[in-house]
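K.L.:
okay, structure incoming, though there's no sequence with it:
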């Protein structure tokens, strides 16, 4: 579950300040929907302000159910930084109508494959040792319904 080095797929958004929270909701929904299409039960938890890294405005963790551990574990995270990162990097948007502004930045870890694989296998493992293939993945498995 906890390995030293791994790849992950991130979604990054740079947007107008007034669009920031709508993007946050969209990014979070993308991660939740992704795991649910794999028949993995997930929940989201808002991180308390005292646990946020420097400059973060809001952060939500996505956790998947582990039948083996009988608890949820983190599989993704979605954060908005407001305009803090843009200010640090000196990123400005020129706008003749409303004036120049610092855009808001957001990032979302959609999936870290090692953690996703653990959640996928644990939640789709059957008593006979076979693994159920969720409907969303069947086209990639020649429409098979299980792995034996």
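P.N.:
Cool, the structure landed. Small disclaimer: the values here were computed from a predicted structure and weren't measured.

K.L.:
quick one, phi/psi of the most centrally placed residue in the chain?
P.N.:
Among the residues of the chain, residue 110 comes closest to the average C-alpha position under CA atoms, centre = their mean, at 3.3 Å. Reported as degrees, to the nearest 10, the phi and psi values for residue 110 are phi -70, psi -50.

K.L.:
which residue packs closest to it, ignoring adjacent ones?
P.N.:
Spatially, and ignoring its direct neighbours in sequence, residue 110 is nearest to residue 9 (4.8 Å; CB to CB, 6 or more residues apart in numbering). For the C-beta atoms, the positions are set from N, CA and C on the backbone; glycine is no exception.

K.L.:
what do you get for residue 104?
P.N.:
Residue 104 sits nearest to residue 20 (CB to CB, 6+ apart), 3.9 Å away.

K.L.:
thinking again about what came up before, what does the residue nearest to residue 110 show for phi and psi?
P.N.:
phi -100, psi 120.

K.L.:
start at 57, not 1
P.N.:
Let's use 57 as the start, then, which means that last one is residue 65.

K.L.:
mind checking which helix or strand the residue nearest to residue 160 is in?
P.N.:
helix 76-93 (DSSP states H and E).
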